[in-house]
Every structure is written in C-alpha cells, then in structure tokens.
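Peer 1: build me a structure from this.
(one chain, ligands or ions: 1)
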Amino acid sequence: MRLLVRPWIGTLPLMIRINVPNLGKEELEAVVSVLESGYMTQGPKATEFENAIGNYISGSPGIATSSATTALHLILETLGIGPGDEVIIPDFTFPATGNAIVQSGATPVIIDVNLDTFNLNPQNLEQAISPRTKAIIPVHVFGLCADVDAIRKVVAKFHPIFIIEDAACALGSKYFGRSAGTLGDFACFSFHPRKVITTGEGGMLMFRNNEFKSRARQLSTHGGGKTSQTDPYLLFSINGFNYRLSDINAAIGIEQLKKIDRILDNKFKLAQFYIQRLRNNEDISFQVVPEGYVHNFQSLVIKLKNGIDRDWVIRQLFDFGIESTLGTYSLSLQPAFQKWISFATPVGQSLHHSTLTLPLFEGLTFENIEYICNKLESILRNHSAFLER
Ligand SMILES: *Cc1c(COP(=O)(O)O)cnc(C)c1O
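Peer 2: Here you go, the predicted structure:
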C-alpha cells in the first residue's frame, strides 16, 4: 500500500494515484553501478538501452534523448523543417506535440480527431495538406495507435511528406501485428513517469531506415562529430543541441524494459476489469479499440455523456481519495496555440471537456477498481441532483 500514498497531500491518509511507476531494487542497483563507474553522461548504458528498445519493437536502435519532446524537435531539425513549412497534428494531444513544431519555426496545422478512437481522423487530412506540408505527426493517444495506413494512403497522393509517430504513450502497442514506433518514417517514445516504463525523464527517437540517423545523432550532441575514429577531438560542422539521455537514466530504462511484458499484462487485465465493470453504465463510454489493434493501456480514459460536468466529477473523486484528471488537451483551446488555428476541431474540444483518466497501474488491485467504480457510479447518480442546485 505504501506506493498508493501521495505523501504531499497531508490531510488525506490515502490517495489512489493515477499512475505509480513500478521501480524496485533492480533499478536502484543499476543506478548505483552507473555512479560507481564514474561515467554519467550518454555512454555504454545509453547505447545498451537504444539497442534494447530497437529489439523490443523489432526495429532498429534509436537515439536516446532527454525526452520525447526533444526527440520530436530533433527529428524536425534533422529534416530541415523550419520557417515556412507546415506540420499537421491532431487537436487532441499533449501540447508537447505542437510545441516541438513551434520550436523548429514551422507552423503547426491542427486538425480534428475521431470521436471513438480519440485519434487523428484521416478524413480531415486531405483538406489540411498544402504545398508547404513537410510532415504529419499522428499521435497514438493514450497508447492506442492512430490509423497510420489510412494516413499514408492520403499522403501518397501528394508530394513526399514524412510521417513521424508521436508514440510517447505507445511502447508495446500494436497495429495489425506491427509495433508502434515502426509504423512511420520516424517515431518518438517517452519515458516520463506517466508512461508504461520510465527513466525519470527520457525519450527516444526511432528510425525506419538509417538515412538521417547520423545527422540526428550529431545534432543531439552539440553538432560535433569525428570524421575518423582516430581524430583526437570533435569537429563542429553544424549547430546542435544537448538532447542526450544520461547513463543514469538509461540504466533505469534497461531494467524497466525487462519488466514491460509483466507490466502490460497486468495493465491489460486491470483495464478489462474496469471495462466489464462499467460497460453497462450509460453515462460512460470507452476509447474504442478497432479490430487488429493492441492497446497498451498507458492510460485508461473514459468519456462521460454530454451534460456531465467532468471537472465536478474529478473533484468528487478526489474527496473519496481517488486521483483523476482530464484525458488530454485540445490544442485549439490552449492560449498558446490560438494563432495557428485554421480548422474547426469540435471533436477534440468536446473530448477535452468530457474525458476522464482513471487510475491504472501495476499494483492497483481489483478491490481498488471496485471501490473506484462504486464511487464513480454514485457520483454520476448524484450529478443530476448537483445540476438542480
Ligand atoms: C507525454 C507525452 C509527450 C511528452 O513526452 P516527454 O517525454 O515528457 O517530453 C508528447 N506527446 C504525447 C502524446 C505525450 O503523451
């Protein structure tokens, strides 16, 4: 139970959190051994982690980065995408997807999503493509893969446009047998503590082929490189960044990845329990997982029926010791994205207001879920009384 306690909420003895990463003595020992090695920046552990993630998704090794956001920015810079270029993204996503584009100097083009899957709706894509479109970043929201084949089909009618998966949430998810992270030309993963495995902060940039990889690597580490192995120091031929992941973080990731099958298996069972338990409640619907998709349930997100005050529900759950939050954000509702709005996004905006993330992590019990569902259902029953006040 120790892990369920949120220590900084002093007045509540017990809080069921949205997510609690499963970190144990393996991670602790791995960190200690990095500290003892004296080698703490990007080194042998980062390389090992890059290979391990590549193997896990049956793809090629990635480039470990300080976050998924820096991985996204890194690939845009690597491809030379900048001022005057456009990059298409879904409205319903964590704002980092859009921020990476803004940081590159390019223009985010925000399009609406699908009400059932919460993912980019390929039917909205064609109208948004212009001669300036350089890339599309489909987001696998909450871990459920976007319909990448449908996106590719639309894109194929135009000039070459890169597909960059925002797979921040989607490690372990599948799309017709293929792993998230191998579906586009490039992909990013996140190892933030809210994702399925964590390194504290961290990310990785994945490549379908290695054409741009050495440039991305060079940009990720100040733009320096060696022309031959015997060079005594670096030559800086481009202006780069410091987007490296440290070996301390990578060592945690290596141990976390060894546990991923068990973590995903547990999350899947717990998610199914929620779905069975709440499936007949008319106020609630779930993210639809189409045939052929495997959802990793990074987050369990429900949609409340129109008219229910979701923020009120969050506050009521909190009073019962249950942490919850919105699903994710509608970019078009954020002040920082106002100047880039060119299409109506009613679905993304409605999901911003109607979705609710419930606790889901390895270590949550069926009894916890029964408690959460009982409280949620009684809160929803009381909602009409609340409206009448
Ligand atoms: C978490 C998340 C990110 C950002 O990941 P960081 O590693 O924290 O930079 C980006 N996109 C989506 C969809 C996310 O959920």
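Peer 1: what parts of the stretch 101-250 of the chain come near the ligand?
Peer 2: Within the stretch 101-250 of the chain, the residues that sit near the ligand (C-beta under 6 Å from any ligand atom) are Val139, Asp166, Ala168, Cys169, Ser190, His192, Gly203. (Glycine included, C-beta is placed from N, CA and C.)
Peer 1: for these, which one is nearest Ala271?
Peer 2: Cys169 (13.8 Å; C-beta to C-beta).
Peer 1: surely the closest one touches Asn119?
Peer 2: No. Counting by C-beta atoms under 8 Å, Asn119 is not a contact partner of Cys169; they are 11.2 Å apart.
Peer 1: please enumerate the shared neighbours of those two.
Peer 2: Counting by C-beta atoms under 8 Å, 6 or more residues apart in numbering, the contacts common to Cys169 and Asn119 are His140, Val141.
Peer 1: the two: which is more packed in?
Peer 2: Ranked by neighbour count (other C-beta atoms under 10 Å), Cys169 and Asn119 place Cys169 first, with 28 against 25.
Peer 1: quick one: pLDDT of that one?
Peer 2: With respect to pLDDT, Cys169 scores 98.
Peer 1: Ser384 now?
Peer 2: 72.
Peer 1: and if you look at Gly10?
Peer 2: pLDDT at Gly10 comes out at 48.
Peer 1: and if you look at the one 5 residues further on?
Peer 2: Reported pLDDT at Met15 in the predicted model: 88.
Peer 1: could you pull up phi and psi at it?
Peer 2: phi -130, psi 120 (degrees, to the nearest 10).
Peer 1: I'd say it and Gly321 touch.
Peer 2: Yes. Counting by C-beta under 8 Å, Gly321 is a contact partner of Met15 at 5.3 Å.
Peer 1: residue ranges of each domain in the chain, please.
Peer 2: 25-257, 260-387 (automatic domain parsing).
Peer 1: now, of the residues of the stretch 101-250 of the chain next to the ligand, which are buried?
Peer 2: Val139, Asp166, Ala168, Cys169, Ser190, His192, Gly203 (16 or more other C-beta atoms under 10 Å).
Peer 1: now these in JSON lines, with secondary structure?
Peer 2: Listed next are those as JSON lines, based on DSSP: H, G, I helix; E, B strand; the rest coil:
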{"residue": "Val139", "secondary structure": "strand"}
{"residue": "Asp166", "secondary structure": "strand"}
{"residue": "Ala168", "secondary structure": "coil"}
{"residue": "Cys169", "secondary structure": "coil"}
{"residue": "Ser190", "secondary structure": "strand"}
{"residue": "His192", "secondary structure": "coil"}
{"residue": "Gly203", "secondary structure": "strand"}
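Peer 1: part of a helix, is Ala250?
Peer 2: Yes. Counting by three-state DSSP, Ala250 is part of a helix.
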